[in-house]
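Peer 1: turn this into a structure:
(chains A, B, C and D)
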There are 2 protein chains.
Amino acid sequence: MGATSATVDKTTRQDLILRVISERDLGTQQDVVRALANEGVEVAQATVSRDLAELGVLKVGQHYLALPHDPGSAGIEVLPSFVLGIVPAQNQVVIHTRDGTAGAVSSVLDRVKGLKIVGTIAGQDTVLAIAPDAAAAGEVANLIADVCRAKTRPAGHVE
Amino acid sequence: MGATSATVDKTTRQDLILRVISERDLGTQQDVVRALANEGVEVAQATVSRDLAELGVLKVGQHYLALPHDPGSAGIEVLPSFVLGIVPAQNQVVIHTRDGTAGAVSSVLDRVKGLKIVGTIAGQDTVLAIAPDAAAAGEVANLIADVCRAKTRPAGHVE
DNA sequence: CAGAAACTTGAATAAATATTCGAAGGCTCT
DNA sequence: AGAGCCTTCGAATATTTATTCAAGTTTCTG
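Peer 2: As a prediction, the model looks like this:
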């Protein structure tokens, strides 16, 4: 796209970072640097390091995942510890969890932004997540499965 | 403190690793290598990298923490997402959590080995953890506070 | 027992990320 | 205007951890 390099402010750049890591499959901070360059924004890897940490972006296996996260509140990275099984059914996703932890899983799903979920109900060891339609339910199920399958950790070091 | 270097088998070495990272305050894999050398066991950093990953050791802020959990089950690293406050009282620790997540916190505390806790009761947003005595309760409270304060992540990369 | 396959390990190296240092810009206060 | 004082950022570098490669062991199998 634009071969011209623009200078943008921090907020704009961070928004752009969230966008590019959602759209593409970026595995290193250098990848992010390249993706930004592609959008016409030149930054150093050091800046990306700082931005990812500030944004609280996750690294799931070998790619970054933008699923913000009121700072301090539970993020999607905790799901692997609790989720035992995921089954999409029509526009719903049935999530089987360790006993007693359905409430926590439901709480996380409610809070994470960017998920196509309209509501959740938690029992003791099962969460029912309601999506707008079957396609969305499939997406949600896949995303959760991804996060649970690969090693998921926060990107960046916050002092 | 033998200055002689022994060659021990993998299990012994990994047990020793768990011991030294409990006893001392080790911040890098090199530190672990040195601590092992001090115990008379010579290993390479590469080996420590592999061992820490296998053991599921956590890195809390700038030091390793040995709190093993059954692989796949929830580890102590998820607590920061749910815990809002920690108050030791006599031989108990009262843990205030996000609403609906007390069950999960209680489940984690029950499962993590090495904590001086004899039992837990979970309400909706509060967990009561019972320790054998006041000293143990204080230790537990401090440990949880540590984990919640610093950035906590699994050590090692599992393929 | 020969040979293959699988595990374990260290040395060296690569890979990935964090941090230091310094510069540049924007504030406010006087 | 000029003196402090943040904030932001890139270049270079340091730090930390993972992986590759080759070698030594053990274990399995015919």
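Peer 1: could you point out which element follows the one helix or strand residue A:120 maps to?
Peer 2: Under the criterion of DSSP states H and E, residue A:120 resides in strand A:119-122. Proceeding N to C from strand A:119-122, the next assigned helix or strand is strand A:126-130, under DSSP H and E.
Peer 1: can the following helix or strand past that next one be found next to chain B?
Peer 2: Moving toward the C-terminus from strand A:126-130, the next helix or strand (DSSP H and E) is helix A:134-149. No: judged by C-beta under 8 Å from any C-beta of the partner chain, helix A:134-149 stays clear of chain B, getting no closer than 9.8 Å. (Glycine included, C-beta is placed from N, CA and C.)
Peer 1: contacts for helix A:134-149, please.
Peer 2: With contact meaning C-beta atoms under 8 Å, 6 or more residues apart in numbering or on different chains, helix A:134-149 is reached by A:58, A:60-61, A:65, A:76-77, A:79-80, A:83, A:86-93, A:95, A:115-117, A:129, A:131.
Peer 1: let me know the angle separating it from strand A:126-130.
Peer 2: Relative orientation of helix A:134-149 versus strand A:126-130 (axes from the mean of the first three to the mean of the last three C-alpha atoms, to 10 degrees): 140 degrees.
Peer 1: how far does helix A:134-149 sit from its chain's centre?
Peer 2: 11 Å (C-alpha atoms, centre = their mean, to the nearest Å).
Peer 1: select from the contacts of helix A:134-149 every entry located in helices.
Peer 2: Using DSSP state H, A:79-80 are the members of those that sit in helices.
Peer 1: can you flag the buried ones in the contacts of helix A:134-149?
Peer 2: Burial by neighbour count, 16 or more other C-beta atoms under 10 Å in any protein chain shown: within the contacts of helix A:134-149 this picks out A:58, A:60, A:65, A:76-77, A:79-80, A:83, A:86, A:88, A:91-93, A:95, A:115-117, A:129, A:131.
Peer 1: just the ones of the residues you listed in strands?
Peer 2: A:58, A:60, A:65, A:83, A:86, A:88, A:92-93, A:95, A:129 (DSSP state E).
Peer 1: re the thing from before, and the contacts of the strand holding residue A:120?
Peer 2: A:102-103, A:105-107, A:109-110, A:127-130, B:100.
Peer 1: now chain A against DNA strand D: closest residue?
Peer 2: Closest contact between chain A and DNA strand D, by C-beta to the nearest atom of the strand, is at residue A:47 (3.0 Å).
Peer 1: what distance do you get for the closest residue to that residue other than its chain neighbours to DNA strand C?
Peer 2: Distances taken as C-beta to C-beta, 6 or more residues apart in numbering or on different chains place residue A:13 nearest to residue A:47, at 7.8 Å, with adjacent residues excluded. To DNA strand C, residue A:13 is 16 Å away according to C-beta to the nearest atom of the strand, to the nearest Å.
Peer 1: contacting residues around residue A:13?
Peer 2: Residue A:13 makes contacts with A:36, A:41, A:43, A:47, A:51, as judged by C-beta under 8 Å, 6+ apart.
Peer 1: hang on, it in a strand?
Peer 2: No: applying DSSP: H, G, I helix; E, B strand; the rest coil, one finds residue A:13 to be helix, outside a strand.
Peer 1: which ones are touching residue A:20?
Peer 2: A:26, A:32, A:35-36, A:39.
Peer 1: tell me which element it is part of?
Peer 2: Going by DSSP H and E, residue A:20 is in helix A:10-23.
Peer 1: same question for that helix, mean pLDDT?
Peer 2: Helix A:10-23 carries an average pLDDT of 92.
Peer 1: in that helix, what counts as buried?
Peer 2: Applying 16+ other C-beta under 10 Å to helix A:10-23 flags A:13-14, A:16-18, A:20-21 as buried.
Peer 1: please apply the same query to stretch A:33-52.
Peer 2: A:33, A:35-36, A:39, A:41, A:43, A:47-48, A:50-52.
Peer 1: got the contact list for the helix or strand bottoming out on mean pLDDT in chain A?
Peer 2: Within chain A, no helix or strand scores below strand A:152-154, which has a mean of 71 by mean pLDDT, DSSP states H and E. Contacts with strand A:152-154, where a contact means C-beta under 8 Å, 6+ apart, come from A:56-61, A:65, A:75-77, A:80, B:151, B:153-154.
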